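> Pasting the sequence and the predicted model now:
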Amino acid sequence: MSHDHSLNPETMPHNPEKATLEGRNKFLGLWFFLGGETVLFASLFGTYLALKNSTAGGVASQDIFGLGLVFLMTMLLLTSSLTSVYAMYHMKNNNFKKMQLWLGVTGLLGLTFLGCEIYEFAHYINDYDFTFRSSAFGSAFYTLVGFHGGHVLFGLCWLTALMIRNAKRGLNLYNAPKFYTFSLYWHFIDVVWVFIFTVVYLMGSVG
Amino acid sequence: MANNSNTSNLDSFQKQKNKDEMKKQLISFALMIGFTLIAFAIVASDVISDMFVVPVILLLAVIQVAFQFYYFMHMKDKDHEWPSIMIYGGVWAALLTIAGLVLVVWW
């Protein structure tokens, strides 16, 4: 095998993201990172659950949460999870252009999600005077949901950098693991959101 | 790299395999959308008493996340022993963290 890691249909390994030692290390490293992220978000969820009724006489979760917007945001993020699966499907078929296209769709859906979240926060602050400093509930809510939104923003920056940096390189064994680890991270963002819409919004609407 | 067994042609067989895999992914996506719809519908419609709603939607969330991990993130595939150990290790610590924080405040 030559040291040229560029891919063509004749030498294409079945799993280009794990065909090199570096790729396998990146794969394991990202999973290790996700294990740590699980604990990080757990501490924020635990804090939120403990403090969600400490409203200091201000607005409570039942007064402000609207399920319509949350449902839209859930669909956006869940669909973006599927589009990144499509991107990895095209990566395994060595179709760089289609992979970039689906990654682009993933990014747009993520951006729309972030826009909805900013609108939601602005709505709470302007119409309900519900801020980070309103109550312990406010602090816990904005920290948890904001931290997730920060992860979406970081993912979007990561994706943009990957897509632009590799636009002219095409797919090879050096950058396939980079695209794959991004897709794992993006799925994990959706995993966290599943618990946010369940624990924060749905349970908050039940009372 | 002397071991050439993991590099072979991207032949029609492999393409078909990738296609079949994608079909499974689409089915899991449809199921995840279904679980989401059920969870929102239960809360919006008030058909189940509040006491049962919370465990039901939590269970739906756990099932949906399992699909996300095992299908979208490929934990069902071979070569995923270490990822499983790391994620389940994280989940274990996560459960302790949540239990600790919630119990400290509620008792």
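Noted; the coordinates are in hand.

> rest of the way, CA atoms for contacts and neighbours
Noted.

> gap between A:A176 and chain B?
15 Å (C-alpha to the nearest C-alpha, to the nearest Å).

> Can you classify B:I48 by secondary structure?
coil (DSSP: H, G, I helix; E, B strand; the rest coil).

> cool, and A:K168?
Classified using three-state DSSP, A:K168 is coil.

> which secondary structure elements does the top helix by length along chain A contact?
For chain A, the helix reaching the highest residue count under DSSP state H is reported as helix A:96-128. Under the contact definition 3 or more C-alpha pairs under 8 Å, 6 or more residues apart in numbering or on different chains; DSSP states H and E, helix A:96-128 sits against helix A:67-92, helix A:136-165.

> Of those, which stretch is the most buried?
helix A:67-92 (a mean of 21; mean count of other C-alpha atoms under 10 Å in any protein chain shown).

> That one: how far from the chain's middle?
10 Å (C-alpha atoms, centre = their mean, to the nearest Å).

> List the residue ranges of chain B that fall below the pLDDT cut-off.
B:1-10 (pLDDT under 70).

> Kindly recompute the last result at 80.
Segments of chain B classed as low confidence (criterion: pLDDT under 80) are B:1-11, B:50, B:106-107.

> in it, which spans are strands?
Counting by DSSP state E, one finds no strands in chain B.

> center of it, which residue is that?
The residue lying closest to the centre of chain B (C-alpha atoms, centre = their mean) is B:A66, at 2.4 Å.

> which residues are in contact with stretch B:44-62?
The contact list for stretch B:44-62 (C-alpha atoms under 8 Å, 6 or more residues apart in numbering or on different chains) reads A:194-195, A:198-199, A:203, A:206, B:35-36, B:39, B:42-43.

> Quick check: buried residues in it?
Buried residues in stretch B:44-62, counted by 16 or more other C-alpha atoms under 10 Å in any protein chain shown: B:53-54, B:57-58, B:60-62.

> Check stretch A:18-29 too.
Of the residues in stretch A:18-29, those buried (16+ other C-alpha under 10 Å) are A:18-20, A:23, A:26-28.

> Got the domain ranges for chain B?
Annotated domains of chain B cover B:15-76, B:78-107 [automatic domain parsing].

> will you turn the ones you listed into TSV that also has distance to A:M88?
Formatted as TSV, the domains of chain B follow (distance: least, C-alpha to C-alpha, whole Å):
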stretch	distance to A:M88
domain B:15-76	10
domain B:78-107	17
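
> And the closest residue to A:L69 other than its chain neighbours, how close does it get to chain B?
Once flanking residues are discounted, A:L69 sits nearest to A:C116: 7.6 Å by C-alpha to C-alpha, 6 or more residues apart in numbering or on different chains. Computed as C-alpha to the nearest C-alpha, the A:C116 to chain B distance reads 18 Å.

> A:C116 touches A:M73, doesn't it?
Yes. The pair formed by A:C116 and A:M73 meets the contact definition of C-alpha atoms under 8 Å, at 6.8 Å.

> Could you list the buried residues of stretch B:11-20?
Neighbour-count burial for stretch B:11-20 [16+ other C-alpha under 10 Å]: B:N18.
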